[in-house]
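got a predicted structure here, sequence first:
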Amino acid sequence: MSEAPYDPGAAALPAELLQAFVAGSRDLLALTDTAATMLWANARFSASTGYNGRPATSLLEFTIPGAAGSEDRLTLASMLSSTGPDNGIVQLRGPNGEAFWVKAHCVRAGPGRIVWTLADVTRTRALAALAARREELLDTAQEFGRLGIWERNIPSGEGRWDKHVFDFWGIDPGDGAPNYSEAIQRIHPEDRAAMIYLESTKRAGRYGQRYRVIHPDGKTRWIHSQWEVRNGPRGVPDRAIGVMVDDTEAFDSARALSGVNAQLKLAAELGKIGSWRRDLRTGRMYCSDLTFELLGMTPRVEGFSIDALQSLVHPDDLTVVKASAQQALASHQPVDLEARYRHTDGSWRYILSRRVVERGAAGEAIAFVGVSLDMTERVEHLRRAEELARRLDAASRAAGVGIWTTTAELCSTDWNAQMFELFDRCEPPHAPNFGRWLAESVHADDRDRVHRESQAYFASGDGLYEIEFRSLRRDGSVRWIVMRADVDRNTAGPRRVLGVAMDVTAHHLALDALREASQRAAIITGHAGIGTWEADADGSQRWDAQMFRLRGLEPCDDAPSRAERIALVHPEDRQITVDAAVDFPTTAATAYEFRVRLPEGSYRWLASRSAPVLDGFGHQVRRVGVNWDVTESKNADLARQQAALAEREIHAKSQFLSRMSHELRTPLNAVLGFTQLLQIEARQSGHAGQLTKLEHIRDAGDHLLSLINDVLDLSGLEAG
């Protein structure tokens, strides 16, 4: 007789089966009403929460105590209000108050009944947190160690990289790991042919290789890759797992160290610095090739004896050389000596030697170790410097430039002859002290300012210092003097200041004349209603106040933009204006008349005259011009006469400025010419100290020339 098949819906679940399921369940099971009041719980629930079947106990009471409306309590409450199955992770309290995590699931079981299944996930969460922590530590170790992890399937060539490998290769992780054929294209061409990866995939084992990777931006990174090829289930290699280390910093450091050594060697060769060692036990001298070269000798490995060395010393210096050796033996510090040695060509060379004693373990002297430098050229430079100083003094007299030096304490001052010419109230040959010079030679109105500013600079000033003041002369006349100074940074010891002084009276007279002419021009243009403007190569302009008033506008600091200026012009006149030109206007002078619209809508006729300002090469750098209102008397003689008068005044002023500026350039050219000749000779002789002083004179002359050029520019600007 056959047995009928089991039909789950034919009969209710047997009670003994339900009891067995509840007893054996590892989950916390509970039955509550819709208000979360406990109706029943299994043993697992009671053991985990301490529930003892007390009446009117709410499931919400087992959540971890906290602020009202805690997230866990809200989670359970939301599950109660749900019409269908719901679940969430919440934290409950154990019988001893300890916390544990459960994944809650609830389902309605008939009217007013809710069945709860709470799975303990405390250990799962702990393991997940531990895994996250370990992953964080691994990532930190990789970050600091510049370490990346990679894996590649051997049959397909597809790879999996972590973020550090992507960074090493300069690839966006979003693009995914490239296959092998794509990746090898990023390897430096010189390293590509030597790659062993494909060969390593034929046999299980461990491998390693260094190569260079080129980033998309052209930068190169050194990579040290190590990997293991593993066999698959069939016993043949099926994947490679490895690590990469970015060795770029290590390679850069190694190259830098090699470069330093090379630079030291190069410095010794370029500086002709020879090294040597004198063995005190054998009495022999061992030298580098450069040391032999200093004496014109052929290098010899065996060196030479101390007697042979002393035979090369000039007889007048031999006693000093021996005394220097004894001084070094009695000291632990380096000892310097300059002496003459005979060259193989018969000449005497000035050799500067620095030696120090090499001592043994017991402190006994075992050798002299030192370096030598040929100072013959330096001695010759000093001799030439004396000649240069004499010629400089002659040049300063010819150019009328006084040269002076002083210390910060103003207790040691030196003047050349021209300084006594500029300040003839002071008698040569000794320069006066600062107080006496101030009282006798500086105008009373300038005396306090000169005293205050000079004392401050001499005490702690830095950089170029310049001051102008009036000087009193024996004949009662007053001359304008400019003095420039700088700190001498090439001399050790007390703070020392170098300076020059020049008579700039003619310059001041020219400026006064220029100022007077400018004032006359301003008065004329103001009374005539003439506005002035300047335009740069980029089209930007600068207006005076009258330019705004001519257009019925309130004056302001900034001129209207090009578009705003064109908008003010009558449409029929726009093509003839400077602003309408596509490129910078022609280098020729322009003259035209045009109409401008006033704010209330009416138009006024303006006349415009402009001229270019050229640089030294004849290129236009800006344009200057004037506007005036010719509406009421456009054709009247008065308007033309006023405009002509203004132009003649500007032209006369420009001629005066040009003539005066050329007169100023004549003596200045002598200063600059002589200085340039002396600078050429100083550069050829290599005397940096004299060259620095000449540069101060040259800078002062260039500054004065710049002022004169400014005057010429202004005269050219107004003359067109």
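Yep, that arrived. Computed from a predicted model, the values in this text were never measured in an experiment. Residues are numbered from 1 along each chain as shown.

residue 570: what's it in contact with?
Residue 570 makes contact with 594-597, 603, according to Cβ atoms under 8 Å, 6 or more residues apart in numbering. The C-beta positions use only the backbone N, C-alpha and C, and glycine is treated the same way.

quick one: buried ones out of these?
The neighbour-count test (16 or more other Cβ atoms under 10 Å) marks 594-597 as buried among those.

in strands only, show me those residues.
Helix and strand membership here follows DSSP state E; of the buried ones among the contacts of residue 570, those in strands are 594-597.

of those residues, closest to residue 156?
residue 597 (77.8 Å; Cβ to Cβ).

what sits against that closest one?
The contact partners of residue 597, taken as Cβ under 8 Å, 6+ apart, are 568-570, 603.

who's it bridged to?
When bridges are called by DSSP bridges, residue 597 pairs up with residue 603.

how near is it to residue 544?
Relative to residue 544, residue 597 is positioned 20 Å away (criterion: Cβ to Cβ, to the nearest Å).

do the same with residue 56
Here residue 56 is placed at a distance of 95 Å from residue 544 (Cβ to Cβ).

ok, now residue 38?
Residue 38 sits 94 Å away from residue 544 when distances are taken as Cβ to Cβ.

same thing with residue 266?
Residue 266 sits 62 Å away from residue 544, going by Cβ to Cβ.

between those two, which one's more packed in?
Higher neighbour count among residue 266 and residue 544: residue 544, with 19 against 11, using other Cβ atoms under 10 Å.

what's the neighbour count on the residue lying closest to the more buried one once chain neighbours are set aside?
Closest residue to residue 544 in three dimensions, ignoring its sequence neighbours and counting by Cβ to Cβ, 6 or more residues apart in numbering: residue 532, at 5.0 Å. The local packing count at residue 532 equals 19, with neighbours defined by other Cβ under 10 Å.

thought residue 547 was touching residue 532, still the case?
Yes - shown here, residue 532 and residue 547 form a contact pair, counting by Cβ atoms under 8 Å, at 7.2 Å.

name the residues contacting each of the two.
The contact lists of residue 532 and residue 547 share residue 627, where a contact means Cβ under 8 Å, 6+ apart.

does residue 654 sit in a helix, a strand or a coil?
Secondary structure state of residue 654, per DSSP: H, G, I helix; E, B strand; the rest coil, is helix.

now do the SS call for the residue nearest to residue 345 when sequence neighbours are not counted.
Setting aside the residues directly before and after it, residue 345 is nearest to residue 296 in space (Cβ to Cβ, 6+ apart), at 5.9 Å. When classified by three-state DSSP, residue 296 comes out as coil.

what number of residues lie near residue 296?
Neighbouring residues of residue 296 were enumerated by other Cβ under 10 Å; the total is 14.

also the one 3 residues further on?
The local packing of residue 299 (other Cβ under 10 Å) involves 12 other residues.

assumed it was part of a helix.
No - with three-state DSSP as the criterion, residue 299 is assigned coil and is not in a helix.

I'd say it and residue 276 touch.
No - at 11.7 Å, residue 299 and residue 276 do not qualify as touching, with contact defined as Cβ under 8 Å.

next up, phi/psi of residue 600, please.
Main-chain torsions, residue 600, degrees, to the nearest 10: phi -80, psi 0.

nearest residue to it other than its sequence neighbours?
Closest residue to residue 600 apart from its sequence neighbours, by Cβ to Cβ, 6+ apart: residue 552 at 7.4 Å.

next, the buried residues of stretch 345-352.
For stretch 345-352, by 16+ other Cβ under 10 Å, it's 349-352.

put the alpha carbons of it into CSV.
Coordinates of each C-alpha in stretch 345-352 appear next as CSV, following Å, rounded to 0.1, in the frame of the first residue of the first chain:
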residue,chain,number,x,y,z
ASP,A,345,108.8,77.2,-15.9
GLY,A,346,111.1,79.1,-13.5
SER,A,347,108.4,81.5,-12.2
TRP,A,348,107.3,81.8,-8.5
ARG,A,349,103.8,80.9,-7.7
TYR,A,350,101.9,82.2,-4.6
ILE,A,351,100.4,79.0,-3.1
LEU,A,352,97.8,79.2,-0.2
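
give me the distance between that stretch and the centre of its chain.
Computed by Cα atoms, centre = their mean, to the nearest Å, the separation of stretch 345-352 from the middle of its chain amounts to 47 Å.

what about the strands in the stretch 501-650 of the chain?
Residue ranges of the strands in the stretch 501-650 of the chain, as given by DSSP state E, counting those that start in this stretch, are 530-536, 541-543, 590-597, 603-614, 620-629.

may I see the buried residues of the longest one?
It stands for strand 603-614. Buried residues in strand 603-614, defined by neighbour count with 16+ other Cβ under 10 Å: 604-613.

repeat for the first one
Buried residues in strand 530-536, counting neighbours by 16+ other Cβ under 10 Å, are found at 530-535.

switch the residues you listed over to CSV; also include distance to residue 432 and pLDDT.
As requested, these are arranged in CSV below (distance: Cβ to Cβ, whole Å; pLDDT from 0 to 100):
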residue, distance to residue 432, pLDDT
530, 54, 84
531, 54, 86
532, 49, 87
533, 53, 87
534, 48, 88
535, 53, 87
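
in JSON lines, list those along with distance to residue 337.
As requested, these are exported to JSON lines (distance: Cβ to Cβ, whole Å):
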{"residue": "530", "distance to residue 337": "79"}
{"residue": "531", "distance to residue 337": "78"}
{"residue": "532", "distance to residue 337": "73"}
{"residue": "533", "distance to residue 337": "73"}
{"residue": "534", "distance to residue 337": "67"}
{"residue": "535", "distance to residue 337": "70"}
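
closest one of those residues to residue 133?
Using Cβ to Cβ, residue 535 comes nearest to residue 133 of the buried residues of strand 530-536, at 70.0 Å.

isn't the closest one right next to residue 622, touching?
Yes - counting by Cβ under 8 Å, residue 535 sits close enough to residue 622 to count as a contact (6.2 Å).

quick one: contacts for the most centrally placed residue in the chain?
To find the centre residue of the chain, average its C-alpha atoms and take the closest one (Cα atoms, centre = their mean): that gives residue 219, at 20.9 Å. When the contact criterion is Cβ under 8 Å, 6+ apart, the partners of residue 219 are residue 170.

what does residue 59 give?
30, 32, 36-38, 76, 116.

export the stretch of helix or strand residue 222 belongs to as CSV, just CAs?
Per DSSP states H and E: residue 222 is located in strand 220-231. Output of strand 220-231 as CSV, limited to C-alpha atoms (Å, rounded to 0.1, in the frame of the first residue of the first chain):
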residue,chain,number,x,y,z
THR,A,220,58.6,58.9,-14.7
ARG,A,221,58.2,56.7,-11.6
TRP,A,222,60.6,53.8,-10.6
ILE,A,223,58.6,50.7,-9.7
HIS,A,224,59.9,47.6,-7.9
SER,A,225,57.4,44.7,-8.6
GLN,A,226,57.5,41.3,-6.9
TRP,A,227,55.0,38.6,-7.7
GLU,A,228,54.2,34.9,-7.3
VAL,A,229,52.8,32.8,-10.1
ARG,A,230,50.4,30.1,-8.7
ASN,A,231,49.1,26.9,-10.3
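
that strand: how far from the chain's middle?
Taking Cα atoms, centre = their mean, the mean C-alpha location of strand 220-231 is offset from the chain mean by 38 Å.

any idea which helix or strand carries the residue nearest to residue 506 when sequence neighbours are not counted?
Leaving out its chain neighbours, the residue that sits closest to residue 506 by Cβ to Cβ, 6+ apart is residue 664, at 5.9 Å. Under the criterion of DSSP H and E, residue 664 resides in helix 637-685.

just residue 127 next, same as before
Under DSSP H and E, the secondary-structure element containing residue 127 is helix 122-145.

restricting to C-alpha, output that helix in PDB.
Extracted as PDB, the C-alpha positions of helix 122-145 are listed here (Å, rounded to 0.1, in the frame of the first residue of the first chain):
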ATOM      1  CA  THR A 122      27.000  41.100  17.800                       C
ATOM      2  CA  ARG A 123      29.800  38.900  16.800                       C
ATOM      3  CA  THR A 124      29.200  39.500  13.100                       C
ATOM      4  CA  ARG A 125      29.400  43.300  13.700                       C
ATOM      5  CA  ALA A 126      32.600  42.900  15.800                       C
ATOM      6  CA  LEU A 127      34.200  40.800  13.100                       C
ATOM      7  CA  ALA A 128      33.200  43.400  10.500                       C
ATOM      8  CA  ALA A 129      34.600  46.200  12.600                       C
ATOM      9  CA  LEU A 130      37.800  44.300  13.100                       C
ATOM     10  CA  ALA A 131      38.100  43.700   9.400                       C
ATOM     11  CA  ALA A 132      37.500  47.300   8.700                       C
ATOM     12  CA  ARG A 133      40.200  48.300  11.200                       C
ATOM     13  CA  ARG A 134      42.700  45.900   9.700                       C
ATOM     14  CA  GLU A 135      41.900  47.100   6.200                       C
ATOM     15  CA  GLU A 136      42.500  50.700   7.500                       C
ATOM     16  CA  LEU A 137      45.800  49.700   9.000                       C
ATOM     17  CA  LEU A 138      46.800  47.900   5.800                       C
ATOM     18  CA  ASP A 139      45.900  50.900   3.700                       C
ATOM     19  CA  THR A 140      47.900  53.200   6.000                       C
ATOM     20  CA  ALA A 141      50.900  50.800   5.800                       C
ATOM     21  CA  GLN A 142      50.600  50.800   2.000                       C
ATOM     22  CA  GLU A 143      50.300  54.600   1.900                       C
ATOM     23  CA  PHE A 144      53.400  55.200   4.000                       C
ATOM     24  CA  GLY A 145      55.400  52.400   2.500                       C
END
